[in-house]
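Colleague: here is the input, now give the coordinates:
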Amino acid sequence: MKVRRYVDIKVEGLGAKIRQARKADGRSVEVLAGEAQISRAYWHDIEAERIRDTLPEDTLRKIERVLNVDLEVKFDD
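Modeller: Modelled structure (predicted):
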C-alpha cells in the first residue's frame, strides 16, 4: 500500500535568490534551463514568481544542482 503526503511551504524571495544565483553563475537561462530539464519560459516564471501552482521540490532541487547552490529550502519532518 502507498501513502502520499503533500506539504507546501511558503519561501519568501525564492525567485530573487534563484535570479541572483543565476547571474553569479554567468551562464545563460537557456543553458541552465536545459540542464535542469525545464523550459526557458518556465525558468523565467519561477524567477518572477509567476507560477500558478506550487513549485515542485524536484524542480527546485534540479535548479540548485545546475547552479551549484543550496537555496536553504527545508521541510520539517
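
Colleague: first-to-last residue distance for stretch 2-16?
Modeller: Distance across stretch 2-16, first residue to last, is 36 Å (CA to CA, to the nearest Å).

Colleague: which SS state does the residue nearest the centre of the chain fall under?
Modeller: For the chain, the residue nearest the mean C-alpha position is L60 (3.1 Å; CA atoms, centre = their mean). Secondary structure, DSSP: H, G, I helix; E, B strand; the rest coil: L60 is helix.

Colleague: now do the contacts for V66.
Modeller: Counting by CB atoms under 8 Å, 6 or more residues apart in numbering, V66 touches 32, 35-36. Every C-beta, even on glycine, is put in place using the N, C-alpha and C of the backbone.

Colleague: residue ranges of the helices in this protein, please?
Modeller: Taking DSSP state H, the helices of the chain run over residues 14-25, 29-36, 40-47, 57-67.

Colleague: make JSON lines out of those and add distance to V3 and mean pLDDT.
Modeller: Below are those laid out as JSON lines (distance: least, CB to CB, whole Å; pLDDT from 0 to 100):
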{"stretch": "helix 14-25", "distance to V3": "28", "mean pLDDT": "97"}
{"stretch": "helix 29-36", "distance to V3": "29", "mean pLDDT": "98"}
{"stretch": "helix 40-47", "distance to V3": "29", "mean pLDDT": "97"}
{"stretch": "helix 57-67", "distance to V3": "17", "mean pLDDT": "96"}
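
Colleague: let me know which of those is the nearest to R4.
Modeller: helix 57-67 (13.4 Å; CB to CB).

Colleague: so how far is that closest one from its chain's centroid?
Modeller: In terms of CA atoms, centre = their mean, to the nearest Å, the gap separating the centre of helix 57-67 from the centre of its chain is 5 Å.

Colleague: OK, contacts around the nearest residue to I18 once chain neighbours are set aside?
Modeller: With sequence-adjacent residues excluded and distances taken as CB to CB, 6 or more residues apart in numbering, I18 is closest to E47, at 5.4 Å. Listed by CB under 8 Å, 6+ apart, the contact set of E47 reads 15-16, 18-19, 22.

Colleague: brilliant, that's me finished.
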